[in-house]
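Q: I'd like to go over a predicted model; first the sequence, then the structure.
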Amino acid sequence: MMDPIPSLPIELPPLGEHGPRRARALMIQGTASDVGKSLVVAGLCRAYTRRGLVVRPFKAQNMSNNAAVTSDSDAPVGPDGTRPRGEIGRAQALQARACGVAPSIHMNPVLLKPQSNVGSQVVLRGRVLGNWPARIYHQLRPSLMPAVLDSFARLCAEADLVLVEGAGSGAEIYLRHCDITNMHFAERADVPVIVLGDLDKGGTMAALVGTWLLLDQADRERVVGYIVNKFRGDFSLFEPACETITRITGWPFRGVVHWFEGASSLPAEDSLALERPAEGQGGTLRIAVPRLSRVANFDDLDPLAAEPGVDLRWIQPGQVIPAETDVVILPGSKATRADLEVLRRQGWDIDILAHVRRGGRVVGICGGFQMLGRVVRDPQGIEGTPGETAGLGLLDLETTIGPEKRLAEIDALDLVSGCRVKGYEMHMGQTTSLGPARPWLRLQDAGGRIHPEGAISADGRVMGCYVHGIFGADGFRAHWLRQLGIEAARLDFESRIESALDALADHLASCLDLDALLTLAR
């Protein structure tokens, strides 16, 4: 018996109300996940924006627990007359930044946030629809196409060029009947496609020819060429392979993107990045970060990893937290109770408690903050099976997961450190102190109102808060590191990202014929 298809709690405007399509559009699909689609689109966004074009990024559906807050949302206006904020994938937020504009829900109308191996929270245009297993979502997905096309039309009405990113592989033909983000979307939106192959993975020729082989004739004809990405070495050795690919598929070769060393300076979207060697190893301050199964918004730690004095290491499953660690950081999680169980299964809870007894420090961000308390309750089963899970008991607080998601941008003065803090909140739990209130931060907003944030232990060695991005504030990061005995580098983290985007745009301009690609867009 089929599960009932959930109804959509949203009404969409007719597609025609946005007027005639103004923008050209070009879609970058891949032969697999993690082939570099997001970075290529980000670099092209910056490159064409610098040419004076109004550029917008678009990805119909993204699956990621790394998300960013937007100022717009399709959620209903609240009692106070304000509209709640929305969220999109971190990659589309970076691409928006490359275009010099604020992120919008229409750049990534469907966001899937995995909460288990078989299910995800589904966010439609900034609004949480529910938590469903994959089989239910596949039934639901075709009904989301009007929202996807509407968001795409909105971007096309305001831009000269819309750069569209596909998801995973564009040749998953068994999913085409319910596809909203690859070839079915390209057909409905009438967008030409470039296929991106990843030479660093190996098997590029087989992946590109295999993609062609699986597509039907109409989809093959929609492809206007292919690009080889992440190449290292002498490309002349691979040129015969390109000749073979073009001879078999008929797809023109549109260029090779050589390995871009600056990619590590940009936020990663996929948690696969955490399985690679981390930047920032070799410093005197040793920070360990357990690799949780549902880790979320892990780019919170990029500013610390960029500090020369910091040795930041992700602790993989099966590894112990080293005894010489100075600070353990528990990052965000999309399923706090499930990741508490992961901590215990790996023995990391014992490592952390021993670390604290030795005088070490512990920091929790968002879900990691919730784990530091006495208990995490989920009576409605928002993140999994209803119930409660004991926390680490390092802070005197408790958390209850509820259906309301808090999405907020933070730009305030922290009266404790005297530094300005910028970041965002994105969580569904409410945390309550069980003892004397000892906030880690005291945030003063533009109106002079003071908001206590987070908690800190009586001895000052365990602390946590809900503010994502807190270490991206250069002054605050320097103050925090100084308390731990090291001086921060003169690092402007935001400028570092801007410089990396400019370098990426320059790199693509040197590798590809940007005029020819613009001509292919329609």
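A: Cool, the structure landed. Every value quoted in this text rests on a predicted model; they were computed, and no experiment measured them.
Q: average pLDDT across the helix ranked longest in the chain?
A: Counting by DSSP state H, the longest helix found in the chain is helix 493-511. The pLDDT scores in helix 493-511 average 96.
Q: in the following helix or strand past that helix, what counts as buried?
A: Remark: after helix 493-511, the chain's next helix or strand is helix 514-520, criterion DSSP states H and E. By 16 or more other Cβ atoms under 10 Å, the buried positions in helix 514-520 come out as L514, L517, L518, L520. All C-beta atoms are positioned from the backbone trio N, CA, C, and that covers glycine.
Q: same thing with stretch 307-316?
A: Buried, per 16+ other Cβ under 10 Å, within stretch 307-316: E307, G309, V310, D311, L312, R313, W314, I315.
Q: what about it, average pLDDT?
A: For stretch 307-316, the mean pLDDT works out to 95.
Q: swap in stretch 433-449?
A: 89.
Q: what is the end-to-end distance of it?
A: By Cα to Cα, to the nearest Å, the extent of stretch 433-449 from end to end equals 21 Å.
Q: on that earlier part again, what helices or strands is the longest helix of the chain leaning on?
A: With contacts taken as 3 or more Cβ pairs under 8 Å, 6 or more residues apart in numbering; DSSP states H and E, helix 493-511 sits against helix 37-50, helix 90-99, strand 253-258.
Q: just flag the most distant two among the buried residues of helix 514-520.
A: Pairwise distances across the buried residues of helix 514-520 (Cβ to Cβ) peak at 10.7 Å, for the pair L514 and L520.
Q: how about the helices of the stretch 351-500 of the chain, start to end?
A: 367-371, 474-483, 493-511 (DSSP state H, counting those that start in this stretch).
Q: could you single out the most deeply buried of the ones you listed?
A: helix 367-371 (a mean of 29; mean count of other Cβ atoms under 10 Å).
Q: let's have the buried residues of helix 514-520 in a markdown table, adding distance to K230 and pLDDT.
A: Below are these laid out as a markdown table (distance: Cβ to Cβ, whole Å; pLDDT from 0 to 100):
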| residue | distance to K230 | pLDDT |
| --- | --- | --- |
| L514 | 19 | 97 |
| L517 | 18 | 97 |
| L518 | 23 | 97 |
| L520 | 22 | 97 |
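Q: which of those residues lies closest to S104?
A: Among the buried residues of helix 514-520, and counting by Cβ to Cβ, the member closest to S104 is L518, at 22.9 Å.
Q: wait, isn't that closest one in contact with D160?
A: No - look at L518 against D160 with Cβ atoms under 8 Å: they stay out of range, at 9.7 Å.
Q: was I right to think L208 contacts Q29?
A: No - counting by Cβ under 8 Å, L208 sits too far from Q29 to count as a contact (11.1 Å).
Q: list the residues that contact both of these two?
A: V195 (Cβ atoms under 8 Å, 6 or more residues apart in numbering).
Q: quick check: which element contains the residue at the greatest distance from the centre of the chain?
A: Residue farthest from the centre of the chain, counting by Cα atoms, centre = their mean, is R247 at 37.5 Å. Per DSSP H and E: R247 is located in helix 239-249.
Q: what's that helix in contact with?
A: Counting by Cβ under 8 Å, 6+ apart, T204, M205, L208, V209, W212, R220, V223, Y226, V228, W251, P252, F253 sit against helix 239-249.
Q: now intersect those residues with the helices, please.
A: T204, M205, L208, V209, W212, R220.
Q: now the last one: how far from G170?
A: Using Cβ to Cβ, to the nearest Å, we find R220 at a distance of 11 Å from G170.
Q: neighbour count for the two, which is higher?
A: G170 (31 against 17; other Cβ atoms under 10 Å).
Q: count the neighbours of the residue lying closest to the more buried one once chain neighbours are set aside for me.
A: Distance criterion Cβ to Cβ, 6 or more residues apart in numbering; nearest residue to G170, sequence neighbours excluded, is Q29 at 3.6 Å. Neighbour count for Q29, taken as other Cβ under 10 Å: 26.
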